[in-house]
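Participant: Show me how the following folds:
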Amino acid sequence: MGDMRQKLMRKTFHSAQEYRHEREQLHQCLQKALGNRGGETTLSENEVTMLEVALNEAVNNGFKYAQGKVSAPAVTLSIYVLHSKFLVIRVKDNGSGFRADQVMAKVSALEEDEEEWEWGESGRGIYIMEAVMDEVRYNAKGNSVVLLKTLA
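Facilitator: Got it, this is the predicted structure:
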């Protein structure tokens, strides 16, 4: 059977600027991932756009949390398709991480009472990622997030 992982991209960015330069390539990479599964893609154009927004938030958060804590911030982005039906995006930064569980708790509390929500910087990206993806998982250190989207 072998590894059912189809790698689409793995790249380390050293600045948010460098990442922005790659966005067109990234867009094509995602389009390819969603289109080349020998059938109709299950995601609408809008969903693809939202996916990119979630991805941007993850990468920008990576730079935000690594900034000032390490001399050379770096964010590594890996994108692959698993078993032809899951899009997996992993974003890992070389910062000291953050308390993902605390922020997640804050986000789910806010989801219940959106009236109260001031769209502050913190938590917004996580909220978007949670809304767009089927699964969002952080490592214990809080410097790596895996975004999972079911395609099939």
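Participant: and stretch 141-152, which residues are buried?
Facilitator: Within stretch 141-152, the residues that count as buried by 16 or more other CB atoms under 10 Å are 142-147, 149, 151. C-beta here means a position set from N, CA and C on the backbone, and glycine is covered the same way.
Participant: which residues of this structure score low on pLDDT?
Facilitator: Residue ranges of the chain with pLDDT under 70: 1-3, 35-42, 110-122.
Participant: which one is the residue nearest to the spatial centre of the chain nearest to, not counting chain neighbours?
Facilitator: Central residue of the chain (CA atoms, centre = their mean): Leu55, 3.7 Å from the mean position. Among residues not flanking Leu55 along the chain, Ile89 sits closest, at 5.9 Å (CB to CB, 6 or more residues apart in numbering).
Participant: ok, then the element right after the helix or strand where that neighbour lies?
Facilitator: Using DSSP states H and E, Ile89 sits in strand 86-93. Scanning forward in sequence from strand 86-93 by DSSP H and E, the next helix or strand is helix 100-112.
Participant: how about that next one as CSV, C-alpha atoms only?
Facilitator: Taking Å, rounded to 0.1, in the frame of the first residue of the first chain, the C-alpha atoms of helix 100-112 are listed here in CSV:
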residue,chain,number,x,y,z
ALA,A,100,-3.3,26.9,22.6
ASP,A,101,-5.7,25.3,25.1
GLN,A,102,-6.3,28.6,26.9
VAL,A,103,-6.9,30.5,23.6
MET,A,104,-9.1,27.7,22.4
ALA,A,105,-11.2,27.8,25.5
LYS,A,106,-11.6,31.5,25.1
VAL,A,107,-12.6,31.0,21.5
SER,A,108,-15.3,28.4,22.2
ALA,A,109,-16.7,30.6,25.0
LEU,A,110,-16.9,33.4,22.5
GLU,A,111,-18.6,31.2,19.9
GLU,A,112,-21.5,30.8,22.3
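Participant: Could you check how far that helix is from the centre of its chain?
Facilitator: Put simply, helix 100-112 sits 17 Å off its chain's centre (CA atoms, centre = their mean, to the nearest Å).
Participant: for stretch 49-68, same thing?
Facilitator: 7 Å.
Participant: thinking again about what came up before, can you list the buried residues of stretch 141-152 in CSV and add secondary structure?
Facilitator: What follows is these, written out as CSV (DSSP: H, G, I helix; E, B strand; the rest coil):
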residue, secondary structure
Gly142, coil
Asn143, coil
Ser144, strand
Val145, strand
Val146, strand
Leu147, strand
Lys149, strand
Leu151, coil
